[in-house]
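Q: sequence-free structure coming up:
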């Protein structure tokens with residue numbers, strides 16, 4: 001089979017995946033809309049869980065893309081199209097945030113004036129936890145992320161068209177400044193969307209921990225997609241065992257970072273035993289929620305950690321993709337464990353909308369992702385850092 005026909009095969013494969021994703025999303029959305037009329041409170045609770053889990057993927061992809069612009073590396077060249085396509089879907093996630101706004105009063109106690117009036121702590125936080133200000137901040141986060149995604153993709157496209165038209169320093173400047181703005185927006189978004197569900201609780205590590213989890217989701221999905229598309233050139237020529245080994249190292253690094261920060265947050269709060277902080281963990285280590293905590297310890301950390309210690313495992317695309325898929329699925333368990341006990345402190349429970357809504361939002365996001373991947377070459381033409389190294393070598 002010739003290279004052009006195989007490239008066309010990649011596009012056809014992605015378009016088939018797009019159709020399947022949109023079909024699954026439509027089925028999940030239809031079921032979820034029925035659930036909205038049956039139990040509106042449960043609908044918005046499940047929607048927030050699904051939204052936070054899926055929105056973290058394109059946001060995390062943007063963070064990882066900016067990291068690549070700053071540091072360079074052949075690993076980024078191999079997965080660049082995945083990161084660009086995911087980050088480019090951030091405006092779609094902004095639209096999908098609208099139902100959260102409509103369900104604000106059902107989700108966030110601080111948005112209800114009667115609750116604020118009867119709670120001194122909420123009254124002190126009322127200036128920040130103001131519904132209009134909260135919405136304005138969320139709009140700002142999406143503006144920042146969208147601008148950064150657009151600027152990154154545009155710069156890389158210019159480089160693909162004419163490498164001489166872009167100075168390599170431009171990538172480092174955009175990557176460095178972009179990561180600063182990205183980090184601030186991701187931190188504040190995690191506080192606004194998730195931590196404020198329990199406005200009496202706070203953790204200075206929570207924002208960074210959430211951002212690490214979002215980037216981890218993007219890394220895991222990139223590995224899965226890379227393995228599935230490995231059969232099609234030109235990706236098959238640039239995504240080799242060395243690149244899979246690099247991606248496996250990144251997956252291991254962020255798995256360890258997530259585990260370290262999660263344990264540090266738990267240790268500090270548990271040993272401090274402050275009445276405003278400790279109930280958050282008490283609710284998540286009892287009433288059946290401890291099963292999710294044990295699952296996270298085992299399958300979000302221990303198993304992938306042990307497997308990824310092996311260099312041989314990281315150089316086997318099929319095995320690495322299975323580990324990455326497991327980590328990606330466990331990211332949903334992690335978000336579920338963080339979000340849902342705010343609504344069910346009495347004990348663990350899974351509602352059918354906790355499945356239907358992730359399918360709905362995931363179908364929409366993945367459909368957009370596959371559509372964007374199918375619309376462009378599956379691999380970029382130039383790698384800025386590799387070209388820069390070649391230029392330096394020629395002058396050396």
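A: Arrived safely, thanks for sending. Since the model is a prediction, treat every value here as computed from it, not as a measurement.
Q: Show me how far the host helix or strand of residue 8 is from its chain's centre.
A: Using DSSP states H and E, the element containing residue 8 is helix 3-38. Between the centre of helix 3-38 and the centre of its host chain there is 19 Å, according to Cα atoms, centre = their mean, to the nearest Å.
Q: List the buried residues in the helix or strand following that helix.
A: Scanning forward in sequence from helix 3-38 by DSSP H and E, the next helix or strand is helix 40-71. Residues of helix 40-71 classed as buried under the neighbour-count rule (16 or more other Cβ atoms under 10 Å) are 42-70. All C-beta spots, glycine's among them, are computed from the backbone N, C-alpha and C.
Q: What of stretch 265-279?
A: For stretch 265-279, a neighbour-count test (16+ other Cβ under 10 Å) marks 265-266, 269, 277 as buried.
Q: Let's test this: mean pLDDT of that stretch, rounded?
A: Averaged across stretch 265-279, the pLDDT comes to 90.
Q: Same check on stretch 181-192?
A: 97.
Q: what do you get for stretch 49-63?
A: Throughout stretch 49-63, pLDDT has a mean value of 98.
Q: Ok, stretch 103-114 next?
A: Stretch 103-114 comes out at a mean pLDDT of 95.
Q: From the rest of the structure, what touches that stretch?
A: 40-41, 43-45, 47-48, 100, 115-116, 122, 125-126, 129, 131, 134, 196-197, 199 (Cβ atoms under 8 Å, 6 or more residues apart in numbering).
Q: Please apply the same query to stretch 119-127.
A: Defining contact as Cβ under 8 Å, 6+ apart, one finds that stretch 119-127 is touched by 109-110, 115-117, 129, 133, 199-200, 276.
Q: need the buried residues of stretch 265-279 in a markdown table with distance to residue 177 and secondary structure, can you?
A: Listed next are those as a markdown table, based on distance: Cβ to Cβ, whole Å; DSSP: H, G, I helix; E, B strand; the rest coil:
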| residue | distance to residue 177 | secondary structure |
| --- | --- | --- |
| 265 | 28 | helix |
| 266 | 33 | helix |
| 269 | 33 | helix |
| 277 | 34 | coil |
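Q: what about the helices in the stretch 151-300 of the chain?
A: Along the stretch 151-300 of the chain, counting by DSSP state H, counting those that start in this stretch, helices occupy 168-193, 206-228, 235-238, 241-272, 278-284, 289-295.
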